[in-house]
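In: Compute the structure for the input listed below.
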Amino acid sequence: MFSTLTLPAISQVIGIKGGLNLANILAKSHDGTNIDEFKMKPSFHIGLTAEFPATETTSFETGLFLSTKGFKLDVKESSYSQKSNANLLYLDVPLLAKVYFNAGGSRIYAAFGPYLGFGLSGKTKNEVTYNGQTELEEIDLKWGSGEDDDIKPLDYGLIAGAGINIKSMEFGLNYSYGLANLEATSEDDSEMKNRVISISVGYKFNSK
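Out: Okay, here's the model as predicted:
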């Protein structure tokens, strides 16, 4: 991927892109039951893109993105409540095939392909209230696959998206479907996978 980004500029279109992430986690217990208390967490993504046209209507796009993922949790019972906010910062590399369709002076596109992500940092903030007593806790997550770790650093999955190019500007909507089980240890067959909706705005420096 790094060698691809260093190809001569005449064969590629360089850009920047950023926007809103609506992140969540799909979690399943050892018996396959969905844990559905998690809620979408607003976060962000920002990075550089490199697009390589193949024909007038198709191209390949990659890039490097800082992307925050995670989830929110809000549980309330009679004498107990818990609010949690998990922030996971990743370095993501998308590998997308794009198909363009002319729409007047603009171009609509559809995109599909895999992505790779590597966890850089993670933190959870917890607020637990029991019988009127509230405790606040902030924990730095440990990346790894050992018994003392909290979450695996490697993430991967599929991206499907669509958008529109108006001159040098690009507006897009993507859905990232994580396939990697992020559980540090999966001895009990439990699963935890990223799910992210991304709304982005980009600018291409040398587009025609």
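In: Now residue 17. Nearest residue, chain neighbours left out?
Out: residue 202 (3.5 Å; Cβ to Cβ, 6 or more residues apart in numbering). Yep, even glycine has a C-beta here, placed from its N, CA and C like the rest.
In: where does the chain have low pLDDT?
Out: Along the chain, the model assigns pLDDT under 70 to residues 1-10, 30-36, 186-188, 208.
In: got the contact list for the most far-flung residue of it relative to its centre?
Out: Computed with Cα atoms, centre = their mean, the residue of the chain farthest from its C-alpha average is residue 131, at 37.2 Å. With contact set as Cβ atoms under 8 Å, 6 or more residues apart in numbering, residue 131 has these partners: residue 79.
In: What's the first helix or strand after the helix or strand containing residue 87?
Out: Using DSSP states H and E, residue 87 sits within strand 80-103. Elements were assigned by DSSP H and E; along the chain past strand 80-103, the next helix or strand is strand 106-130.
In: Can you name every helix or strand that that following strand contacts?
Out: Judged by 3 or more Cβ pairs under 8 Å, 6 or more residues apart in numbering; DSSP states H and E, strand 106-130 is in contact with strand 58-76, strand 80-103, strand 133-140, strand 154-166, strand 169-178.
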